[in-house]
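Chemist: structure, please.
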Amino acid sequence: MPAPHDLLRQLFDAAIAAAMPDKCIPQHLPAPPKGRLIVIGAGKASAAMARAVEKNWPGKLSGLVVTRYGYAVPCEHIEIVESAHPVPDAAGETAARRMLELVRGLSPDDLVLCLISGGGSSLLPLPLPGLTLEDKQSVSRALLKSGASISEMNCVRRHLSAIKGGRLAAACHPAQVLTLLISDVPGDNPIDIASGPTTADPTTCADALEIIRRYGIEVPAAVLKILESGQGESIKPGDARLSRATTRLIATPQMALEAAAAVAHAAGVPALLLGDSLEGEARDVGKVMAGIARSVAQHGHPHAVPCVLLSGGETTVTVRGNGRGGRNVEFLLALGIALDGHPGIWAIAGDTDGVDGAEERAGALLAPDTLARALAQGINPKDSLADNDGHGFFTALDDSVVTGPTLTNVNDFRAILITAEAAPGPTHKDAPTT
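Modeler: Model prediction:
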């Protein structure tokens, strides 16, 4: 078996590689239409998706996609625009308006190929009439700090947007619309990926309003007016304008976990997949995972040592401190505190897009000596967790995982490796007698 840190990084890299657009796009391209092909899209992977389309499309095409700053790749016929994430900016708003104009006036013979991946909710902001970009920015900041799940956050975003919640597909009517999705959300529900710009939305303004009130989120008065009046209602299932709109998942968190599991098996380490859609407070998930890892180490349950526990999904962080944040590093810090230096247990956690929270770091690595090394530097792990300072903690130890822009996004990846060093000693029954 490779060194623990090396193996964990190999698993993370394999998960990312499984979701690369160059690998996922070609087999899902449609037949050329009678009319024009217009390519649009948004997300952290959208530029790489557009490049893959250009490389594999046999005819003419044109279009516009929006990606995160630093995630652009060169395309010949599809314009690439960069905007801000996780809080939207004016560049994204301008691009969203241009995109709606681009798809208006199409014919039934035309085909709109929509390339959607995680991050599109921020990258493609277009406030409803009566709202401003500043209103949307205020709501985004509040949602990110609230502890709301990604599904809940996107429900609110859909009902404040002039382009999400099926509105983009409605603008394409009567053209055919095919949306290729790289999923970054638990459950892979298309309505939650970039807030579903081409997908009918069964949720309502009342649902969005309930989420805001449940989490005690302060929002501008104009936002409350839109939701309370029902003016923010999105496109609902059965709307005739979406009758020619279809979606297709081309990469998912489960696919990434299975790719990592194959690498682990090849290295002689059995992999146990715990699920691709785990949610909850990052620190609470860390505690739970620590309990499972201890059970493996001490009892060989639910799997014998050695093994690696793999999971995906998207945890949340309710921000109470002033640290540098990051849900993956918050998970790892809580995991490390709960393990308390348990020998033979190592872990990695990172976002497959290369950015955990607002930091240009994907995540970090945890080792049995992590807490001891931190304390030797005068860093108290519990204080770091209380301050939501996971990135500060792991950066100081030089244990951050930095990938740069990966050009894909299938959500968070977590791997906990329990090695032979963690195997339990003899039980009372098996203990030698003297």
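Chemist: ok, and the closest non-adjacent residue to D387?
Modeler: Nearest in space to D387, with sequence neighbours left out and distances taken as Cβ to Cβ, 6 or more residues apart in numbering, is G321 at 3.4 Å. Heads up, the C-betas are built off the backbone N, CA and C, glycines and all.
Chemist: which phi and psi does that neighbour have?
Modeler: Backbone torsions of G321, given as degrees, to the nearest 10, read phi -100, psi -170.
Chemist: residues in contact with it?
Modeler: Taking Cβ atoms under 8 Å, 6 or more residues apart in numbering, we find G321 in contact with 386-389.
Chemist: one more: N388?
Modeler: For N388, the contact set (Cβ under 8 Å, 6+ apart) comprises 317, 319-325, 330.
Chemist: before we move on, which element is it in?
Modeler: N388 is located outside every helix and strand, with elements delineated by DSSP states H and E.
Chemist: pLDDT score for it?
Modeler: We have a pLDDT of 95 for N388.
Chemist: thinking again about what came up before, of the contacts of N388, which is the most crowded?
Modeler: Highest neighbour count within the contacts of N388, by other Cβ atoms under 10 Å: E330, with 30 neighbours.
Chemist: low-confidence stretches in this structure?
Modeler: Under the criterion pLDDT under 70, the flagged ranges of the chain are 422-434.
Chemist: need the distance between the two termini of stretch 357-370.
Modeler: Here the two ends of stretch 357-370 are set 22 Å apart, with distance taken as Cα to Cα, to the nearest Å.
Chemist: list the buried residues for that stretch?
Modeler: For stretch 357-370, the buried set under the neighbour-count rule, 16 or more other Cβ atoms under 10 Å, comprises 357, 359, 361-368, 370.
Chemist: now stretch 189-202
Modeler: Applying a neighbour-count criterion of 16+ other Cβ under 10 Å, the buried positions in stretch 189-202 are 190-201.
Chemist: double-check that I116 belongs to a strand.
Modeler: Yes - assessed by DSSP: H, G, I helix; E, B strand; the rest coil, I116 belongs to a strand.
Chemist: isn't it right up against L181?
Modeler: Yes - using Cβ atoms under 8 Å, I116 makes contact with L181 at a distance of 5.2 Å.
Chemist: mutual contacts of those two, please.
Modeler: I193.
Chemist: go through the buried residues of stretch 357-370 and flag which are in strands.
Modeler: The strands, defined by DSSP state E, take in 363-366 from the buried residues of stretch 357-370.
Chemist: okay if I get these as JSON lines plus distance to M255?
Modeler: Formatted as JSON lines, these follow (distance: Cβ to Cβ, whole Å):
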{"residue": "G363", "distance to M255": "19"}
{"residue": "A364", "distance to M255": "24"}
{"residue": "L365", "distance to M255": "23"}
{"residue": "L366", "distance to M255": "25"}
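Chemist: all helices for the stretch 51-200 of the chain, in order.
Modeler: Per DSSP state H, counting those that start in this stretch, the stretch 51-200 of the chain carries helices over the ranges 90-103, 120-123, 133-146, 150-158, 167-172.
Chemist: show residues contacting the second one.
Modeler: The contact list for helix 120-123 (Cβ under 8 Å, 6+ apart) reads 41-44, 46, 66-68, 83-88, 92, 95, 140, 153-154, 157, 164, 193-195, 197.
Chemist: which of those count as buried?
Modeler: So, of the contacts of helix 120-123, 41-44, 46, 66-68, 83-88, 92, 95, 140, 153-154, 157, 164, 193-195, 197 end up buried under the neighbour-count rule (16+ other Cβ under 10 Å).
Chemist: among those, which are located in strands?
Modeler: Reading strands off the buried ones among the contacts of helix 120-123 with DSSP E, I get 41-42, 66-68, 83.
Chemist: would a markdown table of those with distance to W346 be doable?
Modeler: Listed next are those as a markdown table, based on distance: Cβ to Cβ, whole Å:
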| residue | distance to W346 |
| --- | --- |
| G41 | 37 |
| A42 | 36 |
| V66 | 38 |
| T67 | 33 |
| R68 | 30 |
| S83 | 37 |
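Chemist: nearest to Q176 among these?
Modeler: For Q176, the nearest member of those is G41. The distance, counting by Cβ to Cβ, is 15.8 Å.
Chemist: OK, contacts around the closest one?
Modeler: Neighbour list for G41: 49-50, 63, 65-66, 114-117, 120 [criterion: Cβ under 8 Å, 6+ apart].
Chemist: do S117 as well
Modeler: Residues near S117 by Cβ under 8 Å, 6+ apart: 41-46, 49, 181-182, 184, 193-194, 408-409.
Chemist: cool, A72 as well?
Modeler: With contact set as Cβ under 8 Å, 6+ apart, A72 has these partners: 47, 80, 82.
Chemist: quick one: which of those residues is most hemmed in?
Modeler: Within these, neighbour counts (other Cβ under 10 Å) peak at A47, which reaches 28 neighbours.
Chemist: give the burial count for E101, as a bare number.
Modeler: As a burial measure, E101 scores 11 neighbours (other Cβ under 10 Å).
Chemist: residues contacting D389?
Modeler: 321-325 are the contacts of D389 under Cβ under 8 Å, 6+ apart.
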